[in-house]
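> Please find the sequence and the predicted model below.
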Amino acid sequence: MGHLLYRMGQVSDRVMQKYERDAAKSGKSSFHFAWVLDETEEERSRGVTIDIATSNFETENRQFTILDAPGHRDFIPNMIAGATQADAAILVVDASLGGFEAGFSDYGQTKEHAILARSLGVQQLVVAVNKLDTLDWSEARFLEIRDQVSAFLTQIGFRPETLVFVPCSGLRGTNLTHRVGNEPEKASSKETNAQALVEWYSGPCLVEVIDQLAPPTRTLEGAFRLSVSDFFRGSLLGGTTHNQAASIAATIPVGSAASGGTTGTTVTVSGRVESGSVRVGERLALVPGLEIGTVKAIDHLDNLVQWAAAGDSILMTVQGIDLTQYSVGSVLCPRDHPIPTTSRFEAQIVVFETKVPITQGYPIILHYQSRNEPAFITKLVALLDKSSGEVIKKRPRHLPKSSAAKIEITSDRPVCLDTFQHSKSFGRITLRKGGETIGAGIVTAIF
Ligand SMILES: Nc1nc2c(ncn2[C@@H]2O[C@H](COP(=O)(O)OP(=O)(O)OP(=O)(O)O)[C@@H](O)[C@H]2O)c(=O)[nH]1
């Protein structure tokens, strides 16, 4: 993604050269493109993405917001927070020998990420078969990966006709922004062995593929909902440029002195408008809590705008609600149409690979939007047929792996959820335990 953004002109040559020098100095020279999105010191020294990084670019027909999600198992909650905001996903598969096999094993991250994206409602998926340069652009390897991955993706519910596989090299830049054999001079000088790819691949490059993704439909008519993915004290209107504000919003850890530790009633939040629309001047409530504030400024794609609507990832300055009231996952909504809060609800879920069967009273971490909360499965209502959804067995004693079920969940604290029927984004949940995702599904009733 870092290389793609560089090629799309979102990172200057000067900045890229600096990353190259600094990465080399810290003994991680191959990571200079990762540094475009991995901005914190910890991410750079460990060589892994930890938090979601946001960036924008335009293709011929579309404006995109990239949410670079971490691939490492330890940071799955952050990946879930990113996937809940995504309209489409690029699944980057490591094609190198051993790399693909590790990611595609039963507990590998390629499989887990694909399941999560699907369970959280992402329907369009592009598979970037990366690092093929390490195998001299072997067509046989590409086909082997395409066959295995597409069989798996179809099995978990992606429509086979919507899946696109693109061979590429993130490091070399091959087939990212230009078709192979068609790279601009500057870029092609780095291509040392892509000739082997030209011989068997003449399809579109990654950017051409994502440019053709179907635009998502938006729930413009519903009540305004923005789930806060980050926040910091201060206004978009005072002093900071929009770009700086965006990068502050993306990088300041919540709860640090700069973002969460001090008080103040002018706060800028980042997040995606999940439904409805919002205007400068509108009065909004923050849930949980119901404090009221006024929208002072909205930034969309680095421009100050008067309004924003469902689907827009924005920065928004709100005056009147104290900084201490915000947390990641708080929801801004109209005061007369607040999102429901609940501690007990019914959900329809699919159970993933679990080491022990799920029984009544099973403790879980409930993930919804960008938030997570300790909870319990308090009732096993029914086992369902996976494809038809019909009840197979009422009140089962346990839920085996790969089953579908209706359950009741009780959370320790109130959570902002809605039924899937009312709100696709607030009606989706993921259940985790002991660092593993054990299930995902939709909210069917709120009590
Ligand atoms: N040879 C080769 N190396 C690559 C390619 N793409 C990435 N790498 C290398 O793989 C390593 C990891 O790259 P990252 O961009 O951090 O990978 P990531 O998938 O974002 O990993 P997370 O940060 O954990 O999500 C770096 O050393 C890259 O230079 C490629 O196409 N070919």
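Thanks, I have the structure now.

> Show me the domain layout of the protein.
Annotated domains of the chain cover 1-212, 225-252+263-334, 341-446 [the TED database].

> Mean neighbour count, mean pLDDT and distance to the ligand for these - can I get that in TSV?
From N, CA and C alone the C-beta is placed, and that goes for glycine too. Shown next, in TSV, are the domains of the chain (neighbours: other CB atoms under 10 Å; pLDDT from 0 to 100; distance: least, CB to the nearest ligand atom, whole Å):
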stretch	mean neighbour count	mean pLDDT	distance to the ligand
domain 1-212	18	87	3
domain 225-252+263-334	19	85	15
domain 341-446	18	88	16
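
> List the contacts of residue 222.
When contacts are counted by CB atoms under 8 Å, 6 or more residues apart in numbering, residue 222 touches 275-276, 310, 422-423.

> Mind checking what secondary structure it has?
Judged by DSSP: H, G, I helix; E, B strand; the rest coil, the three-state class of residue 222 is coil.

> Model confidence score at it, please.
The model reports residue 222 with a pLDDT of 84.

> just residue 254 next, same as before
So, for residue 254, pLDDT stands at 39.

> The one 3 residues further on too?
You'll see residue 257 listed with a pLDDT of 35.

> you'd agree residue 19 is in a helix?
Yes. Per three-state DSSP, residue 19 lies within a helix segment.

> Return the residues in contact with it.
Applying CB under 8 Å, 6+ apart, the residues near residue 19 are 32-33, 35-36.

> C-alpha coordinates for stretch 177-187, PDB please?
Coordinates of each C-alpha in stretch 177-187 appear next as PDB, following Å, rounded to 0.1, in the frame of the first residue of the first chain:
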ATOM      1  CA  THR A 177      -0.400   1.100 -10.900                       C
ATOM      2  CA  HIS A 178       0.700   0.100 -14.400                       C
ATOM      3  CA  ARG A 179       0.200  -3.000 -16.400                       C
ATOM      4  CA  VAL A 180       3.300  -5.100 -16.700                       C
ATOM      5  CA  GLY A 181       5.500  -4.100 -19.600                       C
ATOM      6  CA  ASN A 182       3.900  -0.700 -19.400                       C
ATOM      7  CA  GLU A 183       5.600   0.900 -16.400                       C
ATOM      8  CA  PRO A 184       6.800   4.500 -16.500                       C
ATOM      9  CA  GLU A 185      10.500   4.800 -17.000                       C
ATOM     10  CA  LYS A 186      11.400   5.800 -13.500                       C
ATOM     11  CA  ALA A 187       9.600   2.800 -12.000                       C
END
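
> now what about it, what contacts it?
The contact list for stretch 177-187 (CB under 8 Å, 6+ apart) reads 4, 7-8, 173-174, 191, 194, 197-198, 201-208.

> Now name the helix or strand holding the residue nearest the centre of the chain.
In the chain, the C-alpha closest to the average C-alpha coordinate belongs to residue 82, at a distance of 2.0 Å (CA atoms, centre = their mean). Assessed by DSSP states H and E, residue 82 sits inside helix 76-83.

> what do you get for residue 215?
Following DSSP H and E, one finds residue 215 outside all helices and strands.

> residue contacts, it?
In this structure, residue 215 makes contact with residue 62, judged by CB under 8 Å, 6+ apart.

> how near is it to the ligand?
Using CB to the nearest ligand atom, to the nearest Å, we find residue 215 at a distance of 26 Å from the ligand.

> per-residue confidence at that residue?
84.

> Ramachandran angles for it?
The phi/psi pair for residue 215 (degrees, to the nearest 10) reads phi -60, psi 140.

> so residue 178 is in which element?
Under the criterion DSSP H and E, no helix or strand holds residue 178.

> Surely residue 318 and residue 270 touch.
No. In this structure residue 318 lies outside contact range of residue 270 using CB atoms under 8 Å: 11.7 Å.

> And residue 287, how far from residue 226?
To residue 226, residue 287 is 11 Å away according to CB to CB, to the nearest Å.

> Overlap in contacts, these two.
Common contacts of residue 287 and residue 226 (CB under 8 Å, 6+ apart): 331-333.

> Next step: those residues restricted to strands.
Using DSSP state E, the members of the shared contacts of residue 287 and residue 226 that fall within strands are 331-333.

> With distance to residue 66 as extra columns, can I get these in a markdown table?
Output for those, formatted as a markdown table (distance: CB to CB, whole Å):
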| residue | distance to residue 66 |
| --- | --- |
| 331 | 24 |
| 332 | 23 |
| 333 | 26 |
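
> Out of those, flag the one nearest to residue 383.
For those, the closest approach to residue 383 (CB to CB) belongs to residue 331, at 32.7 Å.

> was I right about the closest one contacting residue 287?
Yes. The pair residue 331 / residue 287 is scored as a contact, 4.8 Å apart, by CB under 8 Å.

> any common contacting residues for these two?
In the contact map built from CB under 8 Å, 6+ apart, the residues linked to both residue 331 and residue 287 are 339, 416.

> Isn't residue 124 up against residue 86?
No. Counting by CB under 8 Å, residue 124 does not reach residue 86; the two are 9.4 Å apart.

> which residues touch the lengthiest helix in the chain?
Determined from DSSP state H, the single longest helix within the chain is helix 139-155. The contact list for helix 139-155 (CB under 8 Å, 6+ apart) reads 91, 93, 95, 100, 104, 110-111, 114, 118, 125, 127, 129, 132, 135, 160, 163, 165, 167, 200-201.

> which residues in the stretch 251-400 of the chain form helices?
Remark: no helices are assigned in the stretch 251-400 of the chain by DSSP state H, counting those that start in this stretch.

> Mind jotting down where the strands sit in it?
Listed in chain order, the strands of the stretch 251-400 of the chain (DSSP state E, counting those that start in this stretch) span 266-275, 277-279, 283-287, 291-300, 303-305, 307-309, 313-319, 331-334, 341-351, 358-359, 362-368, 371-384, 391-394, 398-399.

> dump the residue contacts of the closest residue to residue 320 other than its chain neighbours.
Distances taken as CB to CB, 6 or more residues apart in numbering put residue 293 closest to residue 320, at 3.7 Å, once the chain neighbours are dropped. Contact partners of residue 293, counting by CB under 8 Å, 6+ apart, are 265, 267, 283-284, 286, 318-321.

> which residues does residue 293 bridge with?
Listed by DSSP bridges, the beta-bridge partners for residue 293 are residue 284.

> measure stretch 395-402 end to end?
Terminal residues of stretch 395-402 lie 17 Å apart, using CA to CA, to the nearest Å.

> can you tell me the helix or strand for residue 405?
Going by DSSP H and E, residue 405 is in strand 404-416.

> Note down every partner strand of whichever helix or strand comes after the helix holding residue 82 and its orientation.
Sequence-wise, the next helix or strand downstream of helix 76-83 (DSSP H and E) is strand 88-94. Here strand 88-94 has these sheet partners by DSSP bridges: strand 124-130 (parallel).
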